[in-house]
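>>> Need the 3D shape of this:
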Amino acid sequence: MMMDSPFLKHLDTNYVPTEGEIPIIKAIIQEDKAVLEELEAQIVVLTAARDGRAARIRRHTALLSPIKGLPDDILSTLFLTLLTHPGHRDEWISNAHPAVALSHVCRRWRQLALQTPMLWSSINIYIPSLFQGLPHLPTALDDDFRLGPNLPKIELAARWATRLMQVLRMTRLWIERSHQMGTRWRLHPCFWSYSF
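I've put the predicted structure just below:
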């Protein structure tokens with residue numbers, strides 16, 4: 001319980017305490033600091049209890065999610081429908097691609113995504129350019145290369161080779177996941193588009 005302060009009428013004013021009042025004010029401050037520390041400790045305990053209870057509620061609510069009851073064939077059809085969305089049609093190979101994102105939701109979705117070759121049957125492969133100043137290159141993938149004038153050419157070439165190897169590894173993985181359903185190649189100025 002908060003001790004009544006004999007200085008309430010002086011708070012937020014220009015009052016100057018006397019020599020005899022200073023120890024009393026310090027005692028009030030010390031008591032309030034001790035109470036504040038205790039309250040903060042209680043807040044930590046209550047916050048942990050609240051977060052634990054909220055997590056328990058979320059995890060139990062997830063068990064009731066209607067999508068968990070969908071049969072695999074319907075769920076895989078929904079996966080394929082996502083690829084036809086206008087915002088995803090021209091997506092190139094990356095961790096942001098819907099097929100990759102779907103395969104990282106949960107164990108069941110990953111297994112289903114990997115067992116759905118059509119999900120991996122059409123890809124756009126972005127080949128990073130070693131040259132600068134091409135306005136049509138996607139800047140999100142070319143951050144290293146836009147710095148080109150400030151980097152030694154050998155370092156720029158090494159970064160380009162590393163990026164190219166990443167693209168090659170991802171392309172091989174994509175083709176493997178498509179179970180090689182047949183290939184169609186289209187070459188574009190900045191990236192290649194493949195359909196299997």
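
>>> Using PDB, write out the CA atom coordinates for stretch 161-171.
Taking C-alpha atoms only, stretch 161-171 is exported to PDB below (Å, rounded to 0.1, in the frame of the first residue of the first chain):
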ATOM      1  CA  ALA A 161      29.200 -16.800 -59.800                       C
ATOM      2  CA  THR A 162      27.800 -17.600 -56.300                       C
ATOM      3  CA  ARG A 163      24.400 -16.300 -57.300                       C
ATOM      4  CA  LEU A 164      24.500 -18.300 -60.500                       C
ATOM      5  CA  MET A 165      25.300 -21.500 -58.600                       C
ATOM      6  CA  GLN A 166      22.300 -20.800 -56.300                       C
ATOM      7  CA  VAL A 167      20.100 -20.400 -59.300                       C
ATOM      8  CA  LEU A 168      21.500 -23.700 -60.800                       C
ATOM      9  CA  ARG A 169      21.000 -25.600 -57.500                       C
ATOM     10  CA  MET A 170      17.400 -24.300 -57.200                       C
ATOM     11  CA  THR A 171      16.600 -25.100 -60.800                       C
END
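
>>> And it, what's buried?
Neighbour counts over stretch 161-171 (16 or more other C-beta atoms under 10 Å) mark 163, 167, 170 as buried. Using the backbone N, CA and C atoms, a C-beta is placed for each residue, glycine as well.

>>> That one - what's its average pLDDT?
Averaging pLDDT along stretch 161-171 yields 81.

>>> Now do it: distance to the chain's middle.
Taking the mean of its C-alpha atoms, stretch 161-171 sits 22 Å from the chain's own mean (C-alpha atoms, centre = their mean, to the nearest Å).

>>> Likewise for stretch 68-84?
Distance, stretch centre to chain centre, for stretch 68-84: 23 Å (C-alpha atoms, centre = their mean).

>>> try stretch 165-179
Using C-alpha atoms, centre = their mean, the offset of stretch 165-179 from its chain centre is 23 Å.

>>> Same check on stretch 109-120?
Its chain's C-alpha centre and that of stretch 109-120 lie 22 Å apart, by C-alpha atoms, centre = their mean.

>>> how about it as PDB, C-alpha atoms only?
Written as PDB, here are the backbone C-alpha positions of stretch 109-120 (Å, rounded to 0.1, in the frame of the first residue of the first chain):
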ATOM      1  CA  TRP A 109       1.600 -29.600 -46.600                       C
ATOM      2  CA  ARG A 110       5.300 -30.200 -47.400                       C
ATOM      3  CA  GLN A 111       4.600 -33.900 -48.200                       C
ATOM      4  CA  LEU A 112       1.600 -33.000 -50.300                       C
ATOM      5  CA  ALA A 113       3.400 -30.200 -52.100                       C
ATOM      6  CA  LEU A 114       6.300 -32.500 -52.900                       C
ATOM      7  CA  GLN A 115       3.900 -35.100 -54.200                       C
ATOM      8  CA  THR A 116       2.200 -32.700 -56.500                       C
ATOM      9  CA  PRO A 117       4.500 -32.400 -59.500                       C
ATOM     10  CA  MET A 118       2.300 -29.900 -61.300                       C
ATOM     11  CA  LEU A 119       3.000 -27.400 -58.500                       C
ATOM     12  CA  TRP A 120       6.700 -27.400 -59.700                       C
END
